[in-house]
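**Student:** Quick one, fold the following:
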Amino acid sequence: MGILLIYLFAIYLEPKQILISSITQKSLDQFVKIKGYVIKPGIIENKSGGYVFTVFKIEDNYGEIEVIFRKKIELKQLQKVEVIGKVLIYENQLQIESYRIKILG
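**Tutor:** As a prediction, the model looks like this:
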């Protein structure tokens with residue numbers, strides 16, 4: 001129940017936009033909003049396991065970070081997007097598990 005409430009609050013109480021370079025270890029488990037350009041877009045699909053992920057890096061003028069989205073979405077290189085999600089660490093690298101991606105251009 002507690003996780004569900006946190007998720008609902010995260011959806012309705014949108015975080016303020018920050019620069020990618022300001023995301024650090026102290027940002028772990030926090031919800032963030034960033035804008036930038038897609039680099040290295042890709043899709044991970046396991047048909048036998050029944051899951052699909054969209055994985056890409058996003059960069060602004062100050063840094064870059066990997067984003068994982070648990071749905072299939074077609075993104076293009078250098079497409080401008082807004083990402084809202086939770087900061088996690090995976091294989092010793094910071095990443096954002098996004099629950100919303102908005103294509104801006």
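
**Student:** can you tell me which strand in the chain is longest?
**Tutor:** strand 31-46 (DSSP state E).

**Student:** Mind listing what's buried along it?
**Tutor:** Of all the residues in strand 31-46, those buried under the rule 16 or more other Cβ atoms under 10 Å are F31, V32, K33, I34, K35, G36, Y37, V38, P41. C-beta: built from backbone N, CA, C; applies to glycine.

**Student:** Distance check, the fourth one against I65.
**Tutor:** Okay, so that is I34. As judged by Cβ to Cβ, to the nearest Å, I34 and I65 stand 8 Å apart.

**Student:** list the residues that contact both of those two?
**Tutor:** Overlap of the contact sets of I34 and I65 (by Cβ atoms under 8 Å, 6 or more residues apart in numbering) consists of I20, I23, I58, I96.

**Student:** Sort out which of those are in strands and list them.
**Tutor:** Using DSSP E, the members of the shared contacts of I34 and I65 that fall in strands are I58, I96.

**Student:** Quick one: buried ones out of the shared contacts of I34 and I65?
**Tutor:** Buried by 16+ other Cβ under 10 Å: I20, I23, I58, I96, out of the shared contacts of I34 and I65.

**Student:** What is the nearest of these to G85?
**Tutor:** I96 (4.3 Å; Cβ to Cβ).
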